[in-house]
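Student: Build me a model from this:
(one chain, ligands or ions: 1)
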Amino acid sequence: MNKFMKKRHSLGQNFLTDPDIAAQIAASAGIEEGETVWEIGPGMGILTQELLKYQPRLTAFEIDGRLIPFLEKRFRDSLEHIHGDILQQDWAALIAGKELKLVSNLPYQISSPLLELLQRHHQSFKLSVLMLQREVAHRLTASPGSKAYGALSLRMQLNFDIEVVMDVSKDYFDPVPQVDSSVVRITPRAIPAQIQNLTTFHRLIRIGFSSRRKTMRNNLLPHYDKATLLKLQDSSGIDLQRRAETLSEAEFILLSDLL
Ligand code: SAM
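Tutor: Here you go, the predicted model:
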(Lines give C-alpha, C1' and ligand atoms only; values in the text may rest on other atoms or scores of the structure.)
Protein backbone atom coordinates (compact mmCIF):
# COMPACT_ATOMS: atom_id res chain seq x y z
CA MET A 1 0.00 0.00 0.00
CA ASN A 2 1.53 3.32 -0.96
CA LYS A 3 0.63 6.75 0.36
CA PHE A 4 -1.91 7.23 -2.45
CA MET A 5 -3.96 4.23 -1.40
CA LYS A 6 -6.66 5.07 1.06
CA LYS A 7 -6.68 3.02 4.27
CA ARG A 8 -10.02 1.32 4.70
CA HIS A 9 -11.76 2.11 7.94
CA SER A 10 -14.30 -0.66 7.24
CA LEU A 11 -11.41 -3.18 7.34
CA GLY A 12 -9.99 -1.83 10.60
CA GLN A 13 -6.91 -0.54 8.79
CA ASN A 14 -5.19 1.26 11.61
CA PHE A 15 -1.57 0.33 11.09
CA LEU A 16 0.91 0.04 13.91
CA THR A 17 3.67 2.61 13.52
CA ASP A 18 6.22 1.52 16.14
CA PRO A 19 8.47 -1.46 15.27
CA ASP A 20 9.43 -1.85 18.96
CA ILE A 21 5.83 -2.61 19.86
CA ALA A 22 5.63 -5.11 17.00
CA ALA A 23 8.84 -6.72 18.31
CA GLN A 24 7.38 -6.98 21.83
CA ILE A 25 4.22 -8.60 20.50
CA ALA A 26 6.23 -11.12 18.50
CA ALA A 27 8.49 -11.85 21.49
CA SER A 28 5.54 -12.53 23.75
CA ALA A 29 4.45 -15.36 21.44
CA GLY A 30 7.64 -17.30 22.34
CA ILE A 31 7.90 -18.73 18.82
CA GLU A 32 10.33 -21.54 18.15
CA GLU A 33 11.86 -22.26 14.77
CA GLY A 34 9.54 -24.27 12.53
CA GLU A 35 6.42 -23.71 14.62
CA THR A 36 3.20 -23.11 12.72
CA VAL A 37 1.95 -19.57 13.25
CA TRP A 38 -1.04 -17.74 11.82
CA GLU A 39 -1.15 -13.99 11.47
CA ILE A 40 -4.46 -12.30 10.75
CA GLY A 41 -4.25 -9.05 8.79
CA PRO A 42 -0.53 -8.53 8.08
CA GLY A 43 -1.33 -5.15 6.51
CA MET A 44 2.00 -3.60 5.52
CA GLY A 45 3.90 -6.28 7.44
CA ILE A 46 5.27 -4.46 10.50
CA LEU A 47 4.41 -7.42 12.76
CA THR A 48 5.04 -10.03 10.05
CA GLN A 49 8.64 -8.88 9.82
CA GLU A 50 9.16 -9.39 13.56
CA LEU A 51 7.46 -12.78 13.56
CA LEU A 52 9.67 -14.01 10.70
CA LYS A 53 12.79 -13.35 12.80
CA TYR A 54 11.84 -16.47 14.79
CA GLN A 55 11.64 -18.55 11.58
CA PRO A 56 8.18 -19.99 12.02
CA ARG A 57 6.05 -21.56 9.29
CA LEU A 58 3.97 -18.45 8.94
CA THR A 59 0.59 -18.22 7.24
CA ALA A 60 -0.84 -14.73 6.91
CA PHE A 61 -4.47 -13.99 6.03
CA GLU A 62 -5.11 -10.62 4.43
CA ILE A 63 -8.51 -9.58 3.11
CA ASP A 64 -7.35 -6.51 1.18
CA GLY A 65 -6.15 -7.56 -2.27
CA ARG A 66 -4.33 -4.26 -2.75
CA LEU A 67 -1.81 -5.32 -0.09
CA ILE A 68 -0.98 -8.72 -1.54
CA PRO A 69 1.53 -7.61 -4.24
CA PHE A 70 3.26 -5.46 -1.63
CA LEU A 71 3.48 -8.37 0.85
CA GLU A 72 4.67 -10.73 -1.89
CA LYS A 73 7.45 -8.39 -2.82
CA ARG A 74 8.47 -7.67 0.76
CA PHE A 75 8.49 -11.22 2.08
CA ARG A 76 8.84 -13.35 -1.07
CA ASP A 77 8.78 -17.04 -0.12
CA SER A 78 9.23 -16.64 3.61
CA LEU A 79 5.51 -16.77 4.31
CA GLU A 80 2.40 -18.30 2.89
CA HIS A 81 -0.20 -15.63 2.36
CA ILE A 82 -3.81 -16.37 1.92
CA HIS A 83 -5.81 -13.64 0.29
CA GLY A 84 -9.22 -13.66 1.90
CA ASP A 85 -11.43 -13.16 4.88
CA ILE A 86 -10.26 -15.12 7.93
CA LEU A 87 -13.91 -15.51 8.98
CA GLN A 88 -14.73 -17.27 5.71
CA GLN A 89 -11.88 -19.79 5.81
CA ASP A 90 -12.41 -23.48 6.50
CA TRP A 91 -10.56 -23.46 9.83
CA ALA A 92 -10.82 -27.22 10.41
CA ALA A 93 -9.29 -27.97 6.98
CA LEU A 94 -6.51 -25.41 7.42
CA ILE A 95 -5.67 -26.54 10.94
CA ALA A 96 -5.70 -30.18 9.80
CA GLY A 97 -4.88 -31.54 13.24
CA LYS A 98 -1.89 -29.25 13.80
CA GLU A 99 -1.14 -27.24 16.92
CA LEU A 100 -0.77 -23.57 16.14
CA LYS A 101 -0.01 -20.17 17.48
CA LEU A 102 -2.05 -17.17 16.46
CA VAL A 103 -0.66 -13.65 16.51
CA SER A 104 -2.52 -10.60 15.29
CA ASN A 105 -3.06 -6.92 15.54
CA LEU A 106 -6.72 -7.60 14.96
CA PRO A 107 -9.09 -5.49 12.91
CA TYR A 108 -11.43 -4.66 15.78
CA GLN A 109 -14.69 -5.10 13.92
CA ILE A 110 -14.05 -8.86 13.69
CA SER A 111 -13.02 -9.37 17.35
CA SER A 112 -16.26 -11.08 18.43
CA PRO A 113 -16.60 -13.64 15.61
CA LEU A 114 -12.85 -14.24 15.71
CA LEU A 115 -12.89 -14.98 19.45
CA GLU A 116 -15.82 -17.30 18.85
CA LEU A 117 -13.81 -19.20 16.22
CA LEU A 118 -10.84 -19.39 18.56
CA GLN A 119 -13.10 -20.77 21.27
CA ARG A 120 -14.56 -23.35 18.88
CA HIS A 121 -11.06 -24.52 17.85
CA HIS A 122 -9.46 -24.00 21.26
CA GLN A 123 -7.80 -27.41 21.30
CA SER A 124 -5.65 -26.48 18.30
CA PHE A 125 -4.26 -23.19 19.60
CA LYS A 126 -1.46 -23.57 22.12
CA LEU A 127 -1.06 -19.79 22.34
CA SER A 128 -2.61 -16.65 20.91
CA VAL A 129 -1.31 -13.12 21.20
CA LEU A 130 -3.89 -10.57 20.11
CA MET A 131 -4.00 -6.81 20.04
CA LEU A 132 -7.55 -5.85 20.93
CA GLN A 133 -9.56 -2.82 21.80
CA ARG A 134 -8.68 -2.20 25.47
CA GLU A 135 -12.27 -2.52 26.59
CA VAL A 136 -12.50 -6.01 25.04
CA ALA A 137 -9.17 -6.99 26.64
CA HIS A 138 -10.57 -5.95 30.03
CA ARG A 139 -13.71 -8.00 29.45
CA LEU A 140 -11.63 -11.06 28.55
CA THR A 141 -9.57 -10.85 31.72
CA ALA A 142 -12.30 -9.67 34.11
CA SER A 143 -13.10 -11.34 37.44
CA PRO A 144 -16.49 -11.55 39.18
CA GLY A 145 -17.58 -8.31 40.80
CA SER A 146 -15.90 -6.06 38.26
CA LYS A 147 -17.71 -3.87 35.75
CA ALA A 148 -16.09 -5.59 32.78
CA TYR A 149 -17.09 -9.12 33.91
CA GLY A 150 -19.76 -10.65 31.74
CA ALA A 151 -20.75 -13.39 29.31
CA LEU A 152 -17.61 -12.91 27.18
CA SER A 153 -15.31 -13.27 30.22
CA LEU A 154 -17.04 -16.48 31.27
CA ARG A 155 -17.17 -17.97 27.77
CA MET A 156 -13.49 -17.40 27.02
CA GLN A 157 -12.20 -18.24 30.50
CA LEU A 158 -13.85 -21.68 30.31
CA ASN A 159 -10.98 -22.87 28.15
CA PHE A 160 -8.31 -20.23 28.40
CA ASP A 161 -6.05 -18.38 30.82
CA ILE A 162 -5.93 -14.80 29.60
CA GLU A 163 -3.58 -12.03 30.66
CA VAL A 164 -2.84 -8.53 29.45
CA VAL A 165 0.73 -8.34 28.16
CA MET A 166 0.81 -4.60 27.52
CA ASP A 167 -1.30 -1.55 26.88
CA VAL A 168 -0.80 0.34 23.63
CA SER A 169 -1.91 3.93 23.22
CA LYS A 170 -3.97 4.80 20.16
CA ASP A 171 -1.22 7.26 19.20
CA TYR A 172 0.90 4.36 17.95
CA PHE A 173 -1.46 3.73 15.02
CA ASP A 174 -1.95 5.36 11.65
CA PRO A 175 -4.60 6.63 11.27
CA VAL A 176 -5.14 7.21 15.00
CA PRO A 177 -8.25 5.23 16.03
CA GLN A 178 -10.77 6.40 18.63
CA VAL A 179 -9.86 3.82 21.24
CA ASP A 180 -6.76 2.58 23.04
CA SER A 181 -5.61 -1.01 22.73
CA SER A 182 -4.13 -3.81 24.81
CA VAL A 183 -2.28 -6.95 23.88
CA VAL A 184 -3.50 -10.16 25.50
CA ARG A 185 -1.89 -13.57 25.72
CA ILE A 186 -4.32 -16.49 25.61
CA THR A 187 -3.19 -19.97 26.66
CA PRO A 188 -5.17 -23.17 27.24
CA ARG A 189 -6.25 -23.73 30.82
CA ALA A 190 -4.44 -26.59 32.54
CA ILE A 191 -7.77 -27.91 33.83
CA PRO A 192 -10.66 -26.78 31.63
CA ALA A 193 -14.03 -26.32 33.31
CA GLN A 194 -16.30 -29.39 33.40
CA ILE A 195 -19.86 -28.63 32.36
CA GLN A 196 -22.68 -31.14 31.87
CA ASN A 197 -24.46 -29.23 29.12
CA LEU A 198 -22.63 -26.45 27.33
CA THR A 199 -25.75 -25.21 25.53
CA THR A 200 -27.56 -24.72 28.85
CA PHE A 201 -24.51 -22.96 30.30
CA HIS A 202 -24.29 -20.54 27.38
CA ARG A 203 -28.02 -19.87 27.54
CA LEU A 204 -27.82 -19.27 31.30
CA ILE A 205 -25.04 -16.71 31.04
CA ARG A 206 -26.75 -14.99 28.12
CA ILE A 207 -29.99 -14.68 30.09
CA GLY A 208 -28.21 -13.89 33.36
CA PHE A 209 -26.42 -10.89 31.85
CA SER A 210 -29.30 -9.81 29.59
CA SER A 211 -30.00 -6.90 31.91
CA ARG A 212 -27.04 -6.18 34.16
CA ARG A 213 -29.05 -4.10 36.63
CA LYS A 214 -31.54 -6.88 37.29
CA THR A 215 -31.11 -9.79 39.69
CA MET A 216 -30.55 -13.28 38.33
CA ARG A 217 -34.10 -14.15 39.37
CA ASN A 218 -35.67 -11.30 37.42
CA ASN A 219 -33.61 -12.07 34.34
CA LEU A 220 -34.53 -15.76 34.55
CA LEU A 221 -38.26 -15.29 35.27
CA PRO A 222 -39.41 -14.87 31.65
CA HIS A 223 -37.70 -18.19 30.81
CA TYR A 224 -38.36 -20.44 33.84
CA ASP A 225 -41.40 -20.75 36.12
CA LYS A 226 -41.27 -19.62 39.74
CA ALA A 227 -41.29 -23.15 41.16
CA THR A 228 -38.24 -24.11 39.05
CA LEU A 229 -36.37 -21.04 40.23
CA LEU A 230 -37.23 -21.69 43.87
CA LYS A 231 -35.98 -25.25 43.53
CA LEU A 232 -32.85 -24.03 41.75
CA GLN A 233 -32.13 -21.63 44.60
CA ASP A 234 -32.71 -24.29 47.27
CA SER A 235 -30.61 -26.98 45.67
CA SER A 236 -27.74 -24.69 44.71
CA GLY A 237 -27.66 -22.60 47.86
CA ILE A 238 -27.12 -19.59 45.60
CA ASP A 239 -29.26 -16.54 46.31
CA LEU A 240 -30.89 -15.65 43.00
CA GLN A 241 -31.46 -12.09 44.22
CA ARG A 242 -27.80 -11.57 43.37
CA ARG A 243 -26.80 -10.01 40.07
CA ALA A 244 -25.02 -12.12 37.45
CA GLU A 245 -21.84 -10.04 37.73
CA THR A 246 -21.33 -11.30 41.31
CA LEU A 247 -21.50 -15.00 40.40
CA SER A 248 -18.29 -16.97 39.89
CA GLU A 249 -17.71 -19.49 37.13
CA ALA A 250 -18.22 -22.34 39.63
CA GLU A 251 -21.58 -20.89 40.67
CA PHE A 252 -22.73 -20.52 37.05
CA ILE A 253 -21.68 -24.11 36.36
CA LEU A 254 -23.57 -25.35 39.41
CA LEU A 255 -26.75 -23.52 38.31
CA SER A 256 -26.37 -24.73 34.75
CA ASP A 257 -25.82 -28.37 35.82
CA LEU A 258 -28.91 -28.23 38.06
CA LEU A 259 -31.02 -26.77 35.27
N1 SAM B 1 -0.69 -6.10 11.10
C2 SAM B 1 -0.77 -4.75 10.59
C3 SAM B 1 -0.24 -3.78 11.63
O4 SAM B 1 -0.03 -4.20 12.77
O5 SAM B 1 -0.02 -2.62 11.29
C6 SAM B 1 -2.18 -4.37 10.20
C7 SAM B 1 -3.19 -4.43 11.29
S8 SAM B 1 -4.71 -3.65 10.87
C9 SAM B 1 -5.31 -3.27 12.51
C10 SAM B 1 -5.80 -4.97 10.43
C11 SAM B 1 -5.48 -5.70 9.13
O12 SAM B 1 -6.44 -6.77 8.96
C13 SAM B 1 -5.61 -4.86 7.86
O14 SAM B 1 -4.51 -5.10 7.03
C15 SAM B 1 -6.91 -5.36 7.19
O16 SAM B 1 -6.91 -5.22 5.78
C17 SAM B 1 -6.92 -6.80 7.63
N18 SAM B 1 -8.28 -7.40 7.72
C19 SAM B 1 -9.44 -6.78 8.03
N20 SAM B 1 -10.45 -7.66 8.07
C21 SAM B 1 -9.92 -8.88 7.77
C22 SAM B 1 -10.46 -10.20 7.64
N23 SAM B 1 -11.75 -10.42 7.87
N24 SAM B 1 -9.63 -11.21 7.31
C25 SAM B 1 -8.30 -10.98 7.08
N26 SAM B 1 -7.73 -9.75 7.20
C27 SAM B 1 -8.52 -8.72 7.54
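
Student: Apart from its neighbours in sequence, what residue is nearest the closest residue to the ligand within the chain?
Tutor: Closest contact between the chain and the ligand, by Cβ to the nearest ligand atom, is at G41 (2.1 Å). All C-beta atoms are positioned from the backbone trio N, CA, C, and that covers glycine. In this structure, G41 finds its nearest non-sequential neighbour in P107, 5.4 Å apart by Cβ to Cβ, 6 or more residues apart in numbering.

Student: Check the separation of the first and last residues in stretch 146-159.
Tutor: End-to-end span of stretch 146-159 (Cα to Cα, to the nearest Å): 20 Å.

Student: Just the buried residues of it, please?
Tutor: 148-159 (16 or more other Cβ atoms under 10 Å).

Student: ranges for the helices of the protein?
Tutor: Secondary structure of the chain by DSSP state H: the helices cover 19-27, 46-52, 68-75, 91-95, 111-120, 134-141, 151-157, 198-208, 216-220, 226-236, 249-258.

Student: and of these, who's closest to V184?
Tutor: Minimum separation from V184 across the helices of the chain (Cβ to Cβ) falls at helix 134-141, 5.0 Å.

Student: ok, residues contacting that closest one?
Tutor: 108, 111, 115, 132, 148-150, 152-153, 156-157, 162-164, 167, 179-184, 186 (Cβ atoms under 8 Å, 6 or more residues apart in numbering).

Student: Return the residue of the protein that is most distant from the centre.
Tutor: A227 (38.1 Å; Cα atoms, centre = their mean).

Student: which residues sit in contact with the residue nearest to G12 when sequence neighbours are not counted?
Tutor: In this structure, G12 finds its nearest non-sequential neighbour in P107, 2.6 Å apart by Cβ to Cβ, 6+ apart. Under the criterion of Cβ under 8 Å, 6+ apart, the contact list for P107 reads 11-13, 40-41.
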